[in-house]
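Q: quick one, structure for this:
(chains A and B, ligands or ions: 2)
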Amino acid sequence: MVDKIKQDDLAKIVQSIPMLSASASRLLQLAAQPDHELADVINLVKNDANLTARVLKIVNSAAYGLVTKVTSIERAVSYLGERIVVSVAIDDCSGKLFGKELSGYEAASGDLWKHDLRAAIASREVVTQSGADINPELAFTAGLLHDIGKALISDYLQGSAPEAVELISSQDSLDYLAAEEALIGVDHTVAGYELAKAWQLPDELIQVIRYHHDPAQAGEEVRPLVYAVHLGDNIAMMGGFGTGSDTMRYKLDKSYTDFIHITPNILASIMLTVDTEFQKLEESMLDSGETN
Amino acid sequence: MGQIILGVGDYGASNNPGDEVKTFALGSCVSVIFLDPKTRTVGMAHVALPDSTINKNKAADKPGYFADTAIPALLADMAQFGCDKRGKGLIVKLCGGANVMDTNDTFQIGKRNALTIKKILWSYGMGAVAEDLGGNFSRTVAVSVSAGQVTISSPGKPSWQI
Ligand SMILES: [Fe+2]
Ligand SMILES: [Fe+2]
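A: Ligands and ions are numbered 1, 2, ... in the order given. Take a look at the predicted model:
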């Protein structure tokens, strides 16, 4: 039997998590501003020596196979795109959190980061390949952060996976969120929401973290974005990249069709692109040094 | 003991009794397993999508990725070990093809994968003697070449065999 997390326990857990670096925090703010330009991202990277070095290493890694070496940060950022810069900045300052071994879900270390990267790529592809009117780079960033709550509650779920699985198969209406809530009193979207607030993330990202399994609850303005990540998350799990015992034990909200139009062929094409893009991104990030 | 690990879209075979053919974390993907009692060969493909017409280049590069190209590729691979080219005498087992909860038709890739594979097997006159398909969970599958035993595991559950 596992213990419940009380409200002040949750506050303590959140307090124990290091803040984001200034660069990562600023990048996430920028991501949510619809009119920001790549030049803003470039300036930000230029002012952070570590981030500059890492971005240059990535663009010059074997995964991208560029013939001539890129030495200017402008070219590197425009080639890689904002999303890769965000991934690197998050990995640099919070790699420990995202790389945490989710033993409460019987997952291996690295599974959470891989799931997050796959969900990020998939969320962006959902937007671009469906032609939905949603910011694709923001969808990527939101996908990257959506499950951060799992790193906070995993230790409390230690040893509970068989019980959670049993609970879900015994009652048709229950998904893994309900199991988390039943077992420890807090599900991973609520835990993630508390951390997102402490990190002072932009409202769009806070709402994705809170409502990615129940997008209909999100505010009207951000709802399409939350649906995009909802689909991206499911696509990541379907592609074999979940985080252990909870994989695929969540409900699809079929009302996504109000915002996003996807045919079976588009979905197949999204899954294919996710495989290709993920391999490239993972390889380039491994090549470039710090790993989770 | 050797392990032959197959990633998404990979296929492979072995007749070395010490080997284990294994693939990790099938979500909506389906693992097609062929066992040949005559040559004691085990083959497996990790199929991701039903239909190769959406991307011919990918199919040429990784035939195991699509149901329609994976089965001929796996049969050709196993023919090198003396198995019948048309799959005669092979025992077929299938697992994977899970779906998320409350899914709709579009997102039932797991189901479409399984159906397409069965249709293609049918065209060869083959059919599965055992299957562990569907559900809302991911599966890791390992086949021992010496025993021809298929073991499935999933986080939070004790492992089982088909
Ligand atoms: Fe989640
Ligand atoms: Fe997720």
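Q: make it CA atoms for all contacts and neighbour counts henceforth
A: Noted.
Q: which residues touch residue 23?
A: All of this refers to chain A. A:S23 makes contacts with A:44-45, A:48, A:89, as judged by CA atoms under 8 Å, 6 or more residues apart in numbering or on different chains.
Q: try again with chain B
A: B:T23 neighbours (CA under 8 Å, 6+ apart): B:5-7, B:31, B:46, B:140-142.
Q: then B:A128?
A: Going by CA under 8 Å, 6+ apart, B:A128 touches B:91-94, B:118.
Q: could you check how far it is from B:Q149?
A: 15 Å (CA to CA, to the nearest Å).
Q: also A:L10?
A: 46 Å.
Q: over to A:K254?
A: In terms of CA to CA, A:K254 sits 39 Å off from B:Q149.
Q: same check, this time on A:N234
A: In terms of CA to CA, A:N234 sits 31 Å off from B:Q149.
Q: and the two? which has more neighbours close in?
A: Set A:N234 next to B:Q149 and count neighbours by other CA atoms under 10 Å in any protein chain shown: A:N234 wins out with 26 against 15.
Q: where's B:V150, which helix or strand?
A: Per DSSP states H and E: B:V150 is located in strand B:149-154.
Q: could you dump the contacts of B:A128 to JSON lines with distance to chain A?
A: Below are those laid out as JSON lines (distance: CA to the nearest CA, whole Å):
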{"residue": "B:I91", "distance to chain A": "26"}
{"residue": "B:V92", "distance to chain A": "22"}
{"residue": "B:K93", "distance to chain A": "20"}
{"residue": "B:L94", "distance to chain A": "16"}
{"residue": "B:K118", "distance to chain A": "19"}
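Q: from those residues, which land in helices?
A: B:K118 (DSSP state H).
Q: now, which of the contacts of B:A128 sits nearest A:F98?
A: Relative to A:F98, the closest of these is B:L94; by CA to CA it sits at 34.1 Å.
Q: ok, that closest one - contacts?
A: By CA under 8 Å, 6+ apart, the neighbours of B:L94 are B:30-33, B:128, B:130-133.
Q: ok, the contacts of A:S23 vs A:R223, which is closest?
A: A:A89 (26.2 Å).
Q: report how many residues lie close to that closest one.
A: Neighbours of A:A89 using other CA under 10 Å come to 25.
Q: quick one: contacts for the residue of chain B positioned farthest from its centre?
A: Here chain B reaches farthest from its C-alpha mean at B:D102, the gap being 25.2 Å by CA atoms, centre = their mean. B:D102 sits next to A:251-254 when contact means CA under 8 Å, 6+ apart.
Q: keep only the residues you listed that also lie close to chain B.
A: A:251-254 (CA under 8 Å from any CA of the partner chain).
Q: could I get those residues as JSON lines with pLDDT?
A: Formatted as JSON lines, those follow (pLDDT from 0 to 100):
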{"residue": "A:K251", "pLDDT": "97"}
{"residue": "A:L252", "pLDDT": "98"}
{"residue": "A:D253", "pLDDT": "98"}
{"residue": "A:K254", "pLDDT": "97"}
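Q: hang on, the earlier thing: which of the contacts of B:D102 are buried, as a ChimeraX select command?
A: Selection command for ChimeraX covering only the buried members of the contacts of B:D102, criterion 16 or more other CA atoms under 10 Å in any protein chain shown:
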select /A:251,252,253
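Q: which of the contacts of B:D102 lies closest to chain B?
A: Closest approach between the contacts of B:D102 and chain B, by CA to the nearest CA: A:K251, at 4.4 Å.
Q: show me where the chain dips below the pLDDT cut-off.
A: I'll assume chain A. Counting by pLDDT under 70, the ranges of chain A that qualify are A:1, A:288-292.
Q: let me rephrase: I mean chain B.
A: B:1.
Q: buried residues of the longest helix belonging to chain A, list them for me.
A: In chain A, with assignment by DSSP H, the single longest helix is helix A:264-287. Neighbour counts over helix A:264-287 (16+ other CA under 10 Å) mark A:266-272, A:274-275, A:278, A:281-285, A:287 as buried.
Q: on that earlier part again, near chain A, anything from the strand holding B:V150?
A: Yes. Strand B:149-154 reaches chain A (CA under 8 Å from any CA) through B:S154.
Q: could you list the paired strands of that strand along with their orientation?
A: Strand pairing for strand B:149-154, determined by DSSP bridges: strand B:139-144 (antiparallel), strand B:157-161 (antiparallel).
Q: in strands only, show me the contacts of B:D102.
A: In strands, judged by DSSP state E, none of the contacts of B:D102 are found.
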